[in-house]
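Visitor: fold the following and give me the result.
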Amino acid sequence: MNEQTKMTPAALKILETASQFFYLNGIHSTGVETIAKEAGVTKKTLYDCYGSKEQLVVAYLEKRDQQWRKHLHEYIDLIPEEQPLDRILTIFDTIESWLETNSPRGYAFINALAELNEPSYPGRAVIIEEKKWLKQLFSTLLKRLNVTNPEEIGEQLLVLHEGLMVTYSMGISSNGISAVKETAKLIIGSHKKS
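Guide: Numbers count the residues shown, from 1 in each chain. Purely as a prediction, here's the structure:
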């Protein structure tokens, strides 16, 4: 269920309820009985809408991914395309507003990944796809900076981003955003084509 516009009111209510419980209490700690009860539907309705708890988890992660991408692009799109370095650096700036507004209990994808330890679990694919997308976004912006090997540097920036997301959400990184942005500039600067 990727398009929420096609969802029934019951499916939307189930997803909204599940999203809150999965994020706040954990995926494994939240049963379908709790979700159905809190959403005001029967378990049958929940299964009719989503088929399984696993597919409901996928819908939850897809919803978070859509919200994250929208949030990120709202910031990136404020910066002219002719300023690719600033567009890259603003990706790191968005972490603070995202976590404060949408993720006060930490980074939802990292939290979910810790619970979805089976490689075949459908929700893992959503998380992995988001990471690939973010790496590609970095790489695309890096190409505009005329650097050597933008794919490799994109991966390095992804690692910086993920580390910052985790440490910032833990509250142990008081100056992390500035430090990561300076590190990103050093990495990018060392790979500029002559």
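Visitor: top helix in the chain by residue count?
Guide: In the chain, assigned by DSSP state H, the helix with the most residues is helix 53-76.
Visitor: report the buried residues of it.
Guide: Residues of helix 53-76 classed as buried: 53, 56-65, 67-68, 72, 76 (neighbour count, 16 or more other C-beta atoms under 10 Å). Where C-beta positions appear, they are placed from N, C-alpha and C, glycine not excepted.
Visitor: which strands or helices does it pack on?
Guide: With contacts taken as 3 or more C-beta pairs under 8 Å, 6 or more residues apart in numbering; DSSP states H and E, helix 53-76 sits against helix 9-25, helix 32-39, helix 43-50, helix 84-102, helix 108-115, helix 122-143.
Visitor: quick one: closest of these to Ala184.
Guide: helix 84-102 (6.6 Å; C-beta to C-beta).
Visitor: buried residues, the closest one. List them.
Guide: Going by 16+ other C-beta under 10 Å, helix 84-102 has these buried residues: 84-85, 87-95, 98-99.
Visitor: what's the answer for stretch 22-41, then?
Guide: Within stretch 22-41, the residues that count as buried by 16+ other C-beta under 10 Å are 22-23, 27, 30, 32, 35-36, 38-39, 41.
Visitor: coming back round to it: who touches the longest helix of the chain?
Guide: 1-2, 4, 14-15, 18-19, 22-23, 27, 32, 35, 46, 50, 87, 90-91, 93-94, 97-98, 101-102, 108-109, 112, 116, 121-123, 125-127, 129-130, 133, 137 (C-beta atoms under 8 Å, 6 or more residues apart in numbering).
Visitor: chain neighbours aside, what residue packs nearest to Leu164?
Guide: Val180 (4.7 Å; C-beta to C-beta, 6 or more residues apart in numbering).
Visitor: ok, that neighbour to Asn25 distance?
Guide: Applying C-beta to C-beta, to the nearest Å, the value for Val180 to Asn25 is 30 Å.
Visitor: likewise for Tyr107?
Guide: 16 Å.
Visitor: outline the domain layout of this protein.
Guide: Using automatic domain parsing, the domain parsing of the chain gives 1-51, 55-189.
Visitor: what is the rounded mean pLDDT of the longest one?
Guide: Read it as domain 55-189. The pLDDT scores in domain 55-189 average 93.
Visitor: please apply the same query to the shortest one.
Guide: For domain 1-51, the mean pLDDT works out to 91.
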